[in-house]
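K.L.:
everything below, folded, please.
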Amino acid sequence: MAARASFARTRLPYTSGSGNKTTTRSSVICRSSSSAAGPSSSPVVVATEVCLRDLGCDFVLRSLGEEDMEKVKDMLSSVDFDVSVDDWREVGTALAICEKSTNALVGSVTTYTYPSKTGDEETMTWLGNLVVHPEYRSRGAASILLDVALSNLPATTTTFLDASPQGHHLYEKHGFRDVMHIMTFECKGAMAAGHALRELRRRTGSYSDGDVRPVSTERDIEIVEAMDEAVFGAPRANLIETWRTSCTHGSYVDDNAYALAHRRGRTLFVGPCGVVSSNAGAVEEELLPPALDAISRTLGDCLLEVEGGMADKVMLYVPKSRTAWRNWLCELGFHEHDETTTRMSLGDDAPREELPIWKGFVALGTLDFG
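P.N.:
Numbers count the residues shown, from 1 in each chain. Modelled structure (predicted):
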């Protein structure tokens, strides 16, 4: 059933003839109600004129549609940014600045608002995919996209994002504060994947006789969704289904842990992976053994695809505090990137450290949806 829409008007600063200023005109927005199984739709900008610094006002801020997906993929690939069209279809709002005359994409941003566990209010919003084409940087486009996205979010939500080192300063200027740090792991190429797969099998043989099983039944899917909600903090059944079905295999669950894989192009991502513990403050060493079987099987499936040429690489996003997991991945032969991604939150009452429930995460889902 389609959500009932309500309308509001937002006026943003505008200065006539400001060739050297970053400005926008007023816009009409539409907000849809939330659903317990997926995101709430954030406001949709219908039409907004935009002026970029030193480039004039031949630009428009508008919502992105299905017809824009190829342009989005081209823009994000120009900055080595992974994108999945299927993921974008689940986004609450996707905004872009475009040239009026050519409709070329200048930059984009997405917001994805999750309902509470009971579904009666919005609990957290993820802001992601804030990217500006290299040709238009340092013109104020990123600030415009960020300002508009934030100004139209629900008042009841806490906003999170995952910031690259390049974008961290911009988010700090807008009031975001650090919550936790995330490390990126990568295993690229058939030779490296084959080595990691052999090492994985050598190390995890003793874990092969547990209760872990492929996620194949409706009951298994419900268990995974419940586990993910317990460690993430909000229901996200739609995303779980999108991620799970993007890979023909690679999703496992047992009584204490779950591990999913998802595909973006020729890259396989292991995550989200989590452990449900009755002790929210459990140290990492207590979480490690229960999750090892599920995540090792997911890793094994993904490495096998890379070794066989069906994908180019396997990647994981791991909280920096998971020292044992990081060491384990390095011992398998994964490369840990030097750059650190920073998870940040916005608001006077927003958390300033890793949420206790997030300590159940072994690997995160994505950097644009949490």
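
K.L.:
and stretch 51-62, which residues are buried?
P.N.:
When neighbours are counted by 16 or more other Cβ atoms under 10 Å, the buried residues of stretch 51-62 are found to be 51, 52, 53, 55, 57, 59, 60, 61, 62. Any C-beta I mention is one placed from the backbone N, CA and C, and that applies to glycine too.

K.L.:
quick one: the fourth one from residue 148, how far?
P.N.:
Using Cβ to Cβ, to the nearest Å, one gets 18 Å for the distance from residue 55 to residue 148.

K.L.:
quick one on the thing from earlier: please identify which pair of the buried residues of stretch 51-62 lies farthest apart.
P.N.:
Greatest spatial distance in the buried residues of stretch 51-62: 53 and 62, 19.8 Å, computed using Cβ to Cβ.

K.L.:
pLDDT value on residue 23, please?
P.N.:
For residue 23, the model assigns a pLDDT of 47.

K.L.:
swap in residue 243?
P.N.:
pLDDT, read off for residue 243, is 89.

K.L.:
one more: residue 88?
P.N.:
You'll see residue 88 listed with a pLDDT of 68.

K.L.:
beyond the helix or strand containing residue 62, next helix or strand please.
P.N.:
Here residue 62, judged by DSSP states H and E, is contained in strand 56-63. Downstream of strand 56-63, the next assigned helix or strand under DSSP H and E is helix 69-77.

K.L.:
for residue 96, helix, strand, or coil?
P.N.:
At residue 96 the chain is in strand, as set by DSSP: H, G, I helix; E, B strand; the rest coil.

K.L.:
gap between it and residue 158?
P.N.:
If you measure residue 96 against residue 158 using Cβ to Cβ, the figure is 25 Å.

K.L.:
put the alpha carbons of the strand or helix carrying residue 200 into CSV.
P.N.:
Using DSSP H and E, residue 200 maps to helix 190-203. Provided in CSV are the C-alpha atoms of helix 190-203 (Å, rounded to 0.1, in the frame of the first residue of the first chain):
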residue,chain,number,x,y,z
ALA,A,190,42.5,-15.1,-7.5
MET,A,191,45.9,-15.9,-6.2
ALA,A,192,45.4,-13.9,-2.9
ALA,A,193,41.9,-15.4,-2.5
GLY,A,194,43.2,-18.9,-3.0
HIS,A,195,45.9,-18.4,-0.3
ALA,A,196,43.3,-16.9,2.1
LEU,A,197,40.9,-19.8,1.4
ARG,A,198,43.5,-22.5,2.2
GLU,A,199,44.5,-20.7,5.4
LEU,A,200,40.9,-20.3,6.4
ARG,A,201,40.2,-24.0,6.0
ARG,A,202,43.3,-24.9,7.9
ARG,A,203,42.4,-22.7,10.8
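
K.L.:
if we can go back for a sec, who does the strand holding residue 62 pair with, and is each partner parallel or antiparallel?
P.N.:
As defined by DSSP bridges, the strand partners of strand 56-63 come to strand 48-52 (antiparallel), strand 93-99 (antiparallel).

K.L.:
the shortest one: how far from the chain's middle?
P.N.:
Taking the mean C-alpha point of strand 48-52 and that of its whole chain, the gap between them comes to 27 Å (Cα atoms, centre = their mean, to the nearest Å).

K.L.:
again, but for the longest one
P.N.:
The chain centre lies 18 Å from the centre of strand 93-99; the measure is Cα atoms, centre = their mean.

K.L.:
now do the strands in the stretch 151-300 of the chain.
P.N.:
158-163, 176-188, 213-214, 252-253, 257-264, 267-275 (DSSP state E, counting those that start in this stretch).

K.L.:
which outside residues touch the fourth one?
P.N.:
With Cβ atoms under 8 Å, 6 or more residues apart in numbering as the contact definition, strand 252-253 has outside contacts at 212-215, 220, 223-224, 227, 258-259, 293-295, 297-298.

K.L.:
each with direction, which strands does that strand pair with?
P.N.:
Checking strand 252-253 against DSSP bridges gives partners strand 213-214 (antiparallel), strand 257-264 (antiparallel).

K.L.:
which of those sits closest to residue 318?
P.N.:
Closest to residue 318 of the strands paired with strand 252-253 is strand 257-264 (Cβ to Cβ; 12.8 Å).

K.L.:
how far off strand 267-275 does that closest one point, in degrees?
P.N.:
160 degrees (axes from the mean of the first three to the mean of the last three Cα atoms, to 10 degrees).

K.L.:
run the chain-centre distance for strand 257-264.
P.N.:
In terms of Cα atoms, centre = their mean, the centre of strand 257-264 is set 13 Å apart from its chain centre.

K.L.:
show me what contacts the nearest residue to residue 358 once chain neighbours are set aside?
P.N.:
If the residues on either side of it in the chain are set aside, residue 358 comes closest to residue 231, at 6.7 Å by Cβ to Cβ, 6 or more residues apart in numbering. Counting by Cβ under 8 Å, 6+ apart, residue 231 touches 272, 274, 275, 276, 357, 358, 360, 361.

K.L.:
could you pull out the helices for the stretch 101-250 of the chain?
P.N.:
141-151, 168-173, 190-203, 218-232, 237-245 (DSSP state H, counting those that start in this stretch).

K.L.:
can you lay out those helices as TSV showing distance to residue 369?
P.N.:
Below are the helices of the stretch 101-250 of the chain laid out as TSV (distance: least, Cβ to Cβ, whole Å):
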stretch	distance to residue 369
helix 141-151	14
helix 168-173	17
helix 190-203	26
helix 218-232	10
helix 237-245	6
